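# Next one to model:
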Amino acid sequence: MSAWTSQIWGAVERNGIARRYYGNVQKYGGWFLKDGLAELVDGAKRRRYHVVRMGKQVVVFKDVIEVLC
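I've put the predicted structure just below:
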């Protein structure tokens, strides 16, 4: 796990949500040769968080999300 993803988990713990640019997730989120998004999703699953990709943004939610439409 990188220091960059540790910052994301801290933000989610404090605020219940974190949003990052998809390009940065791919660039900074990876560990060794692993894709950054894959590492983020794996970490979120371990923590029972939820990850949503919306266009060029990746959003991590701490609580259960409900899609309204």
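# Touching the helix or strand hosting Lys45 from outside, list them.
Element membership for Lys45, per DSSP states H and E: helix 36-47. Helix 36-47 is contacted by residues 1-2, 5, 8-9, 12, 22, 25-31, 50-51, 53, 58, 60 when judged by CB atoms under 8 Å, 6 or more residues apart in numbering. From N, CA and C alone the C-beta is placed, and that goes for glycine too.
# for the helix or strand following that helix, packing partners?
Next helix or strand after helix 36-47 toward the C-terminus (DSSP H and E): strand 50-54. Using 3 or more CB pairs under 8 Å, 6 or more residues apart in numbering; DSSP states H and E, the elements in contact with strand 50-54 are helix 36-47, strand 57-61.
# rewinding a little: give me the buried positions along the helix holding Lys45.
Neighbour-count burial for helix 36-47, counted by 16 or more other CB atoms under 10 Å, picks out Gly36, Leu37, Glu39, Leu40, Val41, Gly43, Ala44.
# ok, Gln26 - contacts?
By CB under 8 Å, 6+ apart, the neighbours of Gln26 are Asp35, Gly36, Leu37.
# picking up where we left off before, return the subset of the contacts of helix 36-47 lying in helices.
Per DSSP state H, helices hold the following members of the contacts of helix 36-47: Thr5, Ile8, Trp9, Val12, Tyr22, Val25, Gln26, Lys27, Tyr28.
# The fifth one contacts Val51, correct?
No: using CB atoms under 8 Å, Tyr22 makes no contact with Val51, being 11.2 Å away.
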